[in-house]
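Q: dropping the sequence and predicted coords here.
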Amino acid sequence: MLLIQFYLRIANARERLFDELQQTLDSDIKLTTYIDNRVEFLNAIIKNNRGFLETRVYHNQQQQQQPFLLPYAKNHPRLLHRQWFRYSLIRAGQYCSSFEDFEEERRYIEMTFLTNGYSLDFVEYNLRQFYS
């Protein structure tokens with residue numbers, strides 16, 4: 001019985017804390033709380049795997065109609081296309097906590113560019129530039 005009372009006090013205190021936090025935030029910011037071993041936040045997946053924190057890039061498949069779409073705009077210079085590739089690899093390196101996750105994201109980036117009509121030479125050249 002004491003354990004249940006203790007849990008309810010902690011749960012009520014946590015709920016009260018989140019309610020106070022929500023009231024101090026701007027009305028456009030929605031605070032959502034839930035308990036899980038993983039969370040998707042700012043294009044990253046943060047996961048607790050048996051006490052070890054793991055991170056990687058998150059691709060929301062439900063919101064993405066075309067998963068391999070690039071951010072094209074009219075009159076983009078060609079330099080920007082190379083920068084997209086480089087920035088995507090940098091983001092993968094920053095977000096991925098394991099080499100295997102980085103390699104999976106690198107393959108996803110390569111497929112994205114190949115699907116959008118870039119040549120294999122373009123992809124391989126930019127990979128060499130990134131690794132050098």
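A: Looks like it came in fine.

Q: switch to C-alpha atoms for all contacts and neighbour counts from now on
A: Fine.

Q: so where do the helices sit in this structure?
A: All helices of the chain, identified by DSSP state H, fall at 2-24, 78-95, 99-115, 120-131.

Q: pLDDT of stretch 102-116, averaged?
A: Stretch 102-116 shows a mean pLDDT of 92.

Q: returning to that earlier point: format the helices of the chain as TSV; extra columns: distance to Phe41 and mean neighbour count.
A: What follows is those, written out as TSV (distance: least, C-alpha to C-alpha, whole Å; neighbours: other C-alpha atoms under 10 Å):
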stretch	distance to Phe41	mean neighbour count
helix 2-24	18	11
helix 78-95	11	15
helix 99-115	17	16
helix 120-131	26	12
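
Q: mean pLDDT lowest for which of those?
A: Within those, confidence is poorest for helix 2-24, with a mean of 62 (mean pLDDT).

Q: hang on, the earlier thing: of all the helices of the chain, which lies closest to Ile45?
A: helix 78-95 (8.5 Å; C-alpha to C-alpha).

Q: show me the chain divided up by domain.
A: The chain breaks down by automatic domain parsing into domains covering 1-33, 34-131.

Q: just to revisit the earlier point, which stretch among the helices of the chain comes nearest Asn60?
A: Closest approach to Asn60 among the helices of the chain is made by helix 99-115 (13.5 Å; C-alpha to C-alpha).

Q: out of the helices of the chain, flag the one nearest Thr32.
A: Shortest distance between Thr32 and these, using C-alpha to C-alpha, is found for helix 2-24: 9.0 Å.

Q: and the helices of the chain as JSON lines, adding distance to Asn43?
A: Formatted as JSON lines, the helices of the chain follow (distance: least, C-alpha to C-alpha, whole Å):
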{"stretch": "helix 2-24", "distance to Asn43": "23"}
{"stretch": "helix 78-95", "distance to Asn43": "9"}
{"stretch": "helix 99-115", "distance to Asn43": "13"}
{"stretch": "helix 120-131", "distance to Asn43": "22"}
